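**Q** dropping a prediction and its sequence here:
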Protein chains: 2
Amino acid sequence: MDIGGTKIMTALFSAAGKMLSKEVRPTLTEEGVESTISRLASAIKDTMTQHRLSPSGIRAISIACAGGVDSEKDVVVTPSPNMPGWTDIPLGDILRERFGVEVFVVNDASAAAFGEHLFGAGRGADDMVLFTVGTGIGGGIIIDGKLYLGARGGAGEFGHMTVEASGPACPCGNTGCLEMLASGRAVERDAVARLLRGEESILRDTLRGNIEDVSAEQVGEAARRGDTLALEVIARASYYLGVGMVNAVNIFNPEMVVIGGGMAELGELLIAPGRRLVAERAFSISSRSVRIAAAQLGNEAGVHGAAAYAHRQSSRRSS
Amino acid sequence: MDIGGTKIMTALFSAAGKMLSKEVRPTLTEEGVESTISRLASAIKDTMTQHRLSPSGIRAISIACAGGVDSEKDVVVTPSPNMPGWTDIPLGDILRERFGVEVFVVNDASAAAFGEHLFGAGRGADDMVLFTVGTGIGGGIIIDGKLYLGARGGAGEFGHMTVEASGPACPCGNTGCLEMLASGRAVERDAVARLLRGEESILRDTLRGNIEDVSAEQVGEAARRGDTLALEVIARASYYLGVGMVNAVNIFNPEMVVIGGGMAELGELLIAPGRRLVAERAFSISSRSVRIAAAQLGNEAGVHGAAAYAHRQSSRRSS
């Protein structure tokens, strides 16, 4: 499963890694954590019913979840900004008890990185990093063909790498985080500020006065249509994303940097400035050899990665 | 061997990893690259003579070298600021030809990380990062108990991670690099600027008018004696080092962060602010479990790491 602030995706995979079915339902975070967990459990039950599966027919339930996840204990420790209330939720234990099967919990961007590595843009790249640029910014790391989670599962928080120490405070407690400067929310914040200052933009027609409701998608669409304000707002986010990419390239010397998440639908508009910045600013050993490309699996990267993660962990735990 | 801008350290190790001898001679970079390479070769010859070794008695020559090193080709690609002229120097081929033995070249901070992991502060920490804070700032990464070099050997450049994108331009081509804000050279630059502005400091007595000659060591010594200017200069560097540590903790979720290099001799004065910043600002999954400590092997970390690196690579290449 892949659980985000908006949607719960549930997919059934065969032991050979083939996706047999997929469904999506809303998370409805506003109804609270208990309710979301019930919705998760219902989605699992519905998939089992649909395929006439009993718990003994299921090898494992694997959850890619937004937020800071302790993958040793299968606990969501720190909530994603989009999933308020998910503090220290022992999701693994809860589902293990309810279904009597093995459960794995992993950060959603880490799962997406593993999915893209195995089946998407990162195929063949044994050392790879992924940035997921959506409402927030997440990340995942592949080292030597394996998903790298760090000591507890917390690795890959590229969105909370400080790139502008004197910049804005982030709700995470850090300052000048990449997420504050290059995420969908940063784009929205920037666009609102400029519209409120009275700058010209075709976004005014779209929004009809409800300036504060502007979405990153709307800014992206206006940019594609050549709107100056929107182009500048996207350029600023792309610049900072590029700064983050330079850091990742200098730190990991990866074969590949993959850019996913909703904002990646902007394609080269989002990615090209970072590619240039890496060529200009990163160490040549690392910049010469790195490929930088958009993710390929869209919103299915998480379930693919979660399934593969469970498959490998399950083999390891039972061996 | 460990080659830096100031010293060449040559050590002989037994196959079992025991250090049999060690000597140090000056690099004399001002005499040019050719001359330094001759000095390297002489140091090797002298060690061979001293131990009555022929090339057939040597398993490998392993070089930890400052700068951007391509460890696939054993070439120093990008010079360290302290070793001007070392651009695209095929050190591996040169020494292989001269001595007829296997040669390995690896970045010096990566070698130091491996040394500290195997024999120093990082023993037992399978996921570990090292910052070497000296004139410049380098870094090394241990993943799953192995030295991580990335696709070509360029990984671990923590000194050239942007932490203040709107900050000063770095000679490396990037902006707001950690090295510009937290290295020995940054400390010196900061101290000179403040002394030239006329601020009070006991450093004036030490320097007797030669303000621009101030060294990071002198600033550190003045800070230890309670000098306000020196304490503030060190505090600023420590703060930025802490920002870099928070980034490394959020990215790697490591078991351990080790701080080495000449500036690490300041001990807690340099490290404690970063430890606090990690506790305050990093994600709790990662900050709760990380240990942050000074390196233990001093300037011997590089030769220990280089020897161990060659030992593992040599086994791999010949298998």
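**A** Great, that's in hand.

**Q** tell me the domain ranges of chain A?
**A** The record assigns chain A these domain ranges, following automatic domain parsing: A:2-108, A:121-296.

**Q** so what would you say the end-to-end distance of the shortest one is?
**A** End-to-end span of domain A:2-108 (Cα to Cα, to the nearest Å): 7 Å.

**Q** that one: how far from the chain's middle?
**A** Centre-to-centre, domain A:2-108 and its host chain are 16 Å apart (Cα atoms, centre = their mean, to the nearest Å).

**Q** and the residue of the stretch 201-319 of chain A nearest chain B?
**A** A:N253 (2.6 Å; Cβ to the nearest Cβ). For glycine as for every other residue, the C-beta is placed from the backbone atoms N, C-alpha and C.

**Q** that residue: what's its closest spatial neighbour, skipping adjacent residues?
**A** B:G150 (2.6 Å; Cβ to Cβ, 6 or more residues apart in numbering or on different chains).

**Q** looking at this, the one you found is in a strand?
**A** No: counting by DSSP: H, G, I helix; E, B strand; the rest coil, one finds B:G150 to be coil, located in no strand.

**Q** for the closest residue in space to A:G145 that isn't next to it in sequence, what are its contacts?
**A** Setting aside the residues directly before and after it, A:G145 is nearest to A:D126 in space (Cβ to Cβ, 6+ apart), at 4.5 Å. For A:D126, the contacting residues are A:I142, A:I143, A:D144, A:G145, A:E255, by Cβ atoms under 8 Å, 6 or more residues apart in numbering or on different chains.

**Q** in contact with the last one, which residues are there?
**A** Listed by Cβ under 8 Å, 6+ apart, the contact partners of A:E255 are A:G124, A:A125, A:D126, A:D127, A:M128, A:S289, A:V290, A:R291, B:A151.

**Q** please repeat the previous calculation with a cut-off of 6 Å.
**A** With contact taken as Cβ atoms under 6 Å, 6 or more residues apart in numbering or on different chains, A:E255 is in contact with A:A125, A:D127, B:A151.

**Q** closest to B:A248 among those?
**A** Nearest to B:A248 out of those is A:D127 (Cβ to Cβ; 17.3 Å).

**Q** measure the residue nearest to A:G145 to A:A282 for me?
**A** 19 Å (Cβ to Cβ, to the nearest Å).

**Q** same question for A:L118.
**A** Distance, A:L118 to A:A282, by Cβ to Cβ: 26 Å.

**Q** which of these two has more neighbours?
**A** For A:L118 and A:A282, the more surrounded residue by other Cβ atoms under 10 Å in any protein chain shown is A:A282, and the numbers stand at 26 against 20.

**Q** the more buried one: what's it in contact with?
**A** With Cβ under 6 Å, 6+ apart as the criterion, the residues that contact A:A282 are A:V246, A:V249, A:N250.

**Q** where exactly do the helices run in the stretch 101-250 of chain A?
**A** Along the stretch 101-250 of chain A, counting by DSSP state H, counting those that start in this stretch, helices occupy A:108-119, A:178-182, A:184-196, A:203-207, A:216-224, A:228-252.

**Q** tabulate those helices (TSV), appending mean pLDDT.
**A** Output for the helices of the stretch 101-250 of chain A, formatted as TSV (pLDDT from 0 to 100):
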stretch	mean pLDDT
helix A:108-119	98
helix A:178-182	98
helix A:184-196	97
helix A:203-207	94
helix A:216-224	97
helix A:228-252	98
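
**Q** return the lowest-mean-pLDDT helix or strand in chain A as CSV; C-alpha atoms alone will do.
**A** Within chain A, no helix or strand scores below helix A:301-318, which has a mean of 88 by mean pLDDT, DSSP states H and E. As requested, the backbone C-alpha atoms of helix A:301-318 are provided in CSV (Å, rounded to 0.1, in the frame of the first residue of the first chain):
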residue,chain,number,x,y,z
ALA,A,301,6.3,3.8,-7.7
GLY,A,302,5.5,3.5,-4.0
VAL,A,303,3.5,0.3,-4.2
HIS,A,304,6.0,-1.3,-6.5
GLY,A,305,8.8,-0.4,-4.1
ALA,A,306,6.9,-1.4,-1.0
ALA,A,307,6.2,-4.8,-2.5
ALA,A,308,9.8,-5.4,-3.5
TYR,A,309,11.0,-4.1,-0.1
ALA,A,310,8.7,-6.6,1.7
HIS,A,311,9.8,-9.4,-0.6
ARG,A,312,13.5,-8.8,0.2
GLN,A,313,13.0,-8.2,3.9
SER,A,314,10.7,-11.2,4.3
SER,A,315,13.3,-13.5,2.7
ARG,A,316,15.9,-12.0,5.0
ARG,A,317,13.9,-12.2,8.2
SER,A,318,12.9,-15.8,7.5
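
**Q** could you tell me the angle between that helix and helix A:108-119?
**A** 90 degrees (axes from the mean of the first three to the mean of the last three Cα atoms, to 10 degrees).

**Q** looks to me like A:N299 is in a helix.
**A** Yes: the assignment for A:N299, made by three-state DSSP, places it in a helix.

**Q** which residue is the nearest non-sequential neighbour of it?
**A** Excluding the flanking residues, the one nearest A:N299 by Cβ to Cβ, 6+ apart is A:M9, at 6.8 Å.

**Q** helices or strands up against the helix or strand hosting that neighbour?
**A** Of the helices and strands defined by DSSP states H and E, A:M9 is found in strand A:7-13. With contacts taken as 3 or more Cβ pairs under 6 Å, 6 or more residues apart in numbering or on different chains; DSSP states H and E, strand A:7-13 sits against strand A:19-26, helix A:33-50, helix A:301-318.

**Q** got a list of contacts for it?
**A** A:1-2, A:19-25, A:27, A:43, A:47, A:303, A:307.

**Q** out of those, who's the most crowded?
**A** A:A307 (28 neighbours).

**Q** on that earlier part again, out of the domains of chain A, which one sits most buried?
**A** A comparison of those by mean neighbour count, using mean count of other Cβ atoms under 10 Å in any protein chain shown, puts domain A:121-296 on top with a mean of 22.

**Q** quote the end-to-end distance of that one.
**A** Domain A:121-296 stretches 5 Å from its first residue to its last (Cα to Cα).

**Q** how about stretch A:295-306?
**A** Chord length of stretch A:295-306, first to last residue, is 16 Å (Cα to Cα).

**Q** who touches it?
**A** A:2, A:9, A:11, A:62, A:64, A:108, A:111-112, A:114-116, A:119-121, A:258, A:260, A:264.
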